[in-house]
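*Asks:* Structure for this input, please:
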Amino acid sequence: MDLTGHQVGGEGRAAVLAEPPPPGAPAPSPPPPSAETVRARRRATAVRLALLAVPLVFFALFFAYPVAAIVGRGLRDGGSWQFGPAADVLTDPGIRKVLWFTLWQAAASTALTLALALPGAYVFARLDFPGKRLLHAAVTVPFVLPTVVAGAAFLALLGRGGVLDELWGVRLDTTVWAILLAHVFFNYAVVVRTVGGLWSQLDPRQEEAARVLGASPAAAWRRVTLPALAPSVASAALMVFLFTFTSFGVVQILGGPRYATLEVEIYRQTAQLLDLPTAAVLTLLQFAAVAALLLLHARTVRRAESALRLVDAGSAAHRPRGAAQWSLLAGVLITIALLLLLPLAVLVERSLAGPDGYGLTYYRALTSTDSGTFVVAPWEAIGHSLAYGAVATVIALTVGGLAAAALTRRAGRFTRGFDALLMLPLGTSAVTVGFGFLIALDEPPLDLRSSWILVPLAQALVGVPFVVRVLLPVLRAVDDRLRQAAAVLGASPLRVWREVDLPLVRRAVLVAAGFAFAVSLGEFGATVFIARADTPTLPVAVARLLGRAGQLNYGQAMALSTILMLVCAATLLILERLRPGRTGEL
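*Replies:* Model prediction:
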């Protein structure tokens, strides 16, 4: 036996009895890898490159190329590059003020969202209560609503004549608090689903073991659960920060002329002032800030990753126990009711409040083209959105799933850099991407302007990062020894994925599909530039109706917004029921 009391075999005894090398002697070089090891490494490299091929081509054609085209159009003058405007833009005090506001409001929004949503992630992951499925689907609905609609709903709550103004004479519009609360409204589901999806599969016995050893509940959570959740929390925080960093509709409606993000300024320079050079410089500035954040995230999160013991989610959920858990559940339900459900109720109320009292006047008007706003009846946008969303979901799952599988295999800087690249669409101006699609994809062999596939491609571009961020923490939590054991037994890489990874991550795949479909339904920034007049999506139709004066147009916009909300809620509820049995996050 060795000093630890373990049995030592022949080779072990030889190692124990061997005398140490004399001082100053060179350390023995490690034995060269065997031919089988070299072949295994080559196979792993080939598999990783094969998995990355489709995501690389997708992002090169439908992200890098369009963005480079619009930036080049702004910075090129007669064939030569002009960087003079860059110095003027970067030294402009107004631009520096916009950049500072963009940064700090995104940081404040992220911190506030995490503070309010992490308790919700715990409640949905660990507690069972009546109506959980329905409520879990409902909290995701705000995330897919067009920003112009949600901004109008919060304006009705917080602005002149809103709920707060009528009850207590308090107005929060044109203040930063309205912006922060609206950002929490949008991103609450990001934290609940991303963090809660992994939390519900963590083995609770590990934290219970710490409690048995004398740790307090807070200490056990801090030392056991929090380190396991750290990569997932960081992924959720990154997504929230990117969405709030590029916030447009919320700031435009609720912030008024006092506040502007880089996204708002890019839109103003492009659509209102037609100053493409300034818009191009601001786009590059936004790019640089987002890229720096993504690289920092990739370096820090990877250090915190480790293999975790995952269990069936249903085994971890239980009825609330004790006053603390009941109080936490009550607090989460009150937060959801006031911050998420109340604005949605405002949409429903406005859609029913017709000129002659409450009724279905605005819904009946959706079947007519008499207003002249659309070539087709507004209700046809519902079918277009569902069809586009389904195709975009398939594309996002394919591209994002391959990328997540490749990134699971730990590799060098190239793989880590591609991990950051996948998140860039969330931090890129939608105005830039939309104009880039029109400019770049108008010539053979990529003349897609008249093709229906252009809209799902733009929607999938935003959905892929969500698929990757949902799947990656769970894939990396799978013990790699299981994959190695299957490979040793002769399983091919495809069979290893099917037999080892898929059973453990199929729940995360469904969550990722729900996110991709929800994002596709609500995508507006790029779609508004490329959706054809005869095939508008729901967000585009709502924006066009809101852009025209008249009570009828406003009522129809609220009616379409309510339909979008109900379609999303129904889809997410079906998704919840299609999950494998005994799921915890119901």
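*Asks:* Tell me which residue is most central in this structure.
*Replies:* In the chain, the centroid-proximal residue (C-alpha atoms, centre = their mean) is Phe466; its distance is 4.0 Å.
*Asks:* Distance from whichever strand or helix holds that residue to the middle of the chain?
*Replies:* Assigned by DSSP states H and E, Phe466 falls within helix 454-477. In terms of C-alpha atoms, centre = their mean, to the nearest Å, the centre of helix 454-477 is set 8 Å apart from its chain centre.
*Asks:* Name the SS class of Ala260, please.
*Replies:* coil (DSSP: H, G, I helix; E, B strand; the rest coil).
*Asks:* Skipping adjacent residues, who's closest to it in space?
*Replies:* Val98 (5.2 Å; C-beta to C-beta, 6 or more residues apart in numbering). Where C-beta positions appear, they are placed from N, C-alpha and C, glycine not excepted.
*Asks:* Would you mind measuring from Gly214 to Arg205?
*Replies:* 16 Å (C-beta to C-beta, to the nearest Å).
*Asks:* rewinding a little: which residues touch the residue nearest to the centre of the chain?
*Replies:* Met239, Ala396, Gly400, Ala512, Phe515, Ala516, Val519 (C-beta atoms under 8 Å, 6 or more residues apart in numbering).
*Asks:* What pLDDT is listed against it?
*Replies:* What the model reports for Phe466 is a pLDDT of 81.
*Asks:* quick revisit: which among the contacts of Phe466 gets closest to Val89?
*Replies:* Nearest to Val89, judged by C-beta to C-beta, of the contacts of Phe466 is Met239 at 28.0 Å.
*Asks:* On the pLDDT front, check the closest one for me.
*Replies:* 80.
*Asks:* nearest residue to it other than its sequence neighbours?
*Replies:* Closest to Met239 by C-beta to C-beta, 6+ apart is Val190, at 5.2 Å.
*Asks:* do the same with Leu482
*Replies:* Nearest to Leu482 is Val500, by C-beta to C-beta, 6+ apart, at 5.0 Å.
*Asks:* Equivalent analysis for Ser429, please.
*Replies:* Nearest residue to Ser429, sequence neighbours excluded (C-beta to C-beta, 6+ apart): Ile266, at 4.7 Å.
*Asks:* measure the one you found to Leu438 for me?
*Replies:* 16 Å.
*Asks:* higher neighbour count, those two?
*Replies:* Neighbour count, other C-beta atoms under 10 Å: between Ile266 and Leu438, Ile266 has more, with 26 against 16.
*Asks:* Show me which positions of the helix or strand hosting Leu198 end up buried.
*Replies:* In the assignment (DSSP H and E), Leu198 maps to helix 176-199. Across helix 176-199, burial judged by 16 or more other C-beta atoms under 10 Å covers 176, 178-199.
*Asks:* between that helix and helix 454-477, how big is the angle?
*Replies:* Relative orientation of helix 176-199 and helix 454-477, computed by axes from the mean of the first three to the mean of the last three C-alpha atoms, to 10 degrees: 50 degrees.
*Asks:* for helix 176-199, packing partners?
*Replies:* helix 93-126, helix 141-144, helix 147-158, helix 226-245, helix 249-250, helix 454-477, helix 502-522 (3 or more C-beta pairs under 8 Å, 6 or more residues apart in numbering; DSSP states H and E).
*Asks:* Tell me which other helices or strands the next helix or strand after the last one touches.
*Replies:* So the one you mean is helix 502-522. The first helix or strand that comes after helix 502-522 along the chain, using DSSP H and E, is helix 527-530. Under the contact criterion of 3+ C-beta pairs under 8 Å, 6+ apart, helix 527-530 touches helix 430-440, helix 454-477, helix 538-546.
*Asks:* With distance to Ser492 added, can I get the ones you listed in JSON lines?
*Replies:* Below are these laid out as JSON lines (distance: least, C-beta to C-beta, whole Å):
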{"stretch": "helix 430-440", "distance to Ser492": "38"}
{"stretch": "helix 454-477", "distance to Ser492": "18"}
{"stretch": "helix 538-546", "distance to Ser492": "43"}
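*Asks:* right, and the ones you listed - which one's nearest Val148?
*Replies:* Between the helices and strands packed on helix 527-530, helix 538-546 lies closest to Val148; by C-beta to C-beta that is 5.5 Å.
*Asks:* Run through who's touching the closest one.
*Replies:* Residues outside helix 538-546 that contact it (C-beta under 8 Å, 6+ apart): 146, 148-149, 152, 373-374, 378, 381-382, 384-385, 521-524, 527-528, 531, 536, 553-554, 556-557, 560-561, 563-564, 567.
*Asks:* and the residue nearest to Gly522 when sequence neighbours are not counted, how many neighbours?
*Replies:* Computed as C-beta to C-beta, 6+ apart, the closest residue to Gly522 that is not its neighbour in sequence is Val144, at 3.4 Å. By other C-beta under 10 Å, 27 other residues sit near Val144.
*Asks:* swap in Gly322?
*Replies:* Gly322, neighbours per other C-beta under 10 Å, totals 8.
*Asks:* and if you look at Leu61?
*Replies:* Neighbours of Leu61 (other C-beta under 10 Å): 15.
*Asks:* That one against Leu446, yeah?
*Replies:* Yes - the pair Leu61 / Leu446 is scored as a contact, 6.9 Å apart, by C-beta atoms under 8 Å.
*Asks:* show me the residues around Cys388 that make contact.
*Replies:* Not quite, residue 388 is Tyr, not Cys. Per C-beta under 8 Å, 6+ apart, neighbours of Tyr388: Trp452, Val455, Pro456, Gln459, Ser520, Thr537.
*Asks:* farthest-separated two in those?
*Replies:* Farthest-apart pair in these is Trp452 and Ser520; separation 13.8 Å (C-beta to C-beta).
*Asks:* who has more neighbours, these two?
*Replies:* Neighbour totals were compared for Trp452 and Ser520, and Ser520 leads with 28 against 14 (other C-beta under 10 Å).
*Asks:* The more buried one touches Ala387, doesn't it?
*Replies:* No - at 10.3 Å, Ser520 does not count as touching Ala387 under the criterion of C-beta under 8 Å.
*Asks:* who's in contact with Val123?
*Replies:* Val123 neighbours (C-beta under 8 Å, 6+ apart): Leu328, Leu329, Val332.
*Asks:* looking at those, which has the most residues close by?
*Replies:* The most crowded member of these, judged by other C-beta under 10 Å, is Val332 (22 neighbours).
*Asks:* show me where pLDDT drops low in the stretch 401-550 of the chain?
*Replies:* 409-417, 420, 479-480, 483, 493 (pLDDT under 70).
*Asks:* Next: the stretch 1-150 of the chain.
*Replies:* Looking at the stretch 1-150 of the chain by pLDDT under 70, you get 1-45, 47, 74, 76-85.
*Asks:* Could you give the number of residues near Val478?
*Replies:* For Val478, using other C-beta under 10 Å, the count is 18.
*Asks:* Ala549 versus that one, what's the distance?
*Replies:* Distance from Val478 to Ala549, by C-beta to C-beta: 56 Å.
*Asks:* same deal with Val251?
*Replies:* From Val251 to Ala549 the distance is 23 Å (C-beta to C-beta).
*Asks:* So those two - more neighbours on which side?
*Replies:* Val251 (26 against 8).
*Asks:* Which pLDDT value belongs to the more buried one?
*Replies:* 84.
*Asks:* number of nearby residues for Cys119?
*Replies:* No Cys there; residue 119 is Pro. Close neighbours of Pro119, defined as other C-beta under 10 Å, add up to 16.
*Asks:* can you tell which of the helices and strands packed on helix 176-199 is closest to Ala209?
*Replies:* Nearest of the helices and strands packed on helix 176-199 (C-beta to C-beta): helix 226-245, 13.4 Å.
*Asks:* helices or strands up against that closest one?
*Replies:* Counting by 3+ C-beta pairs under 8 Å, 6+ apart, helix 226-245 packs on helix 93-126, helix 176-199, helix 276-304, helix 454-477.
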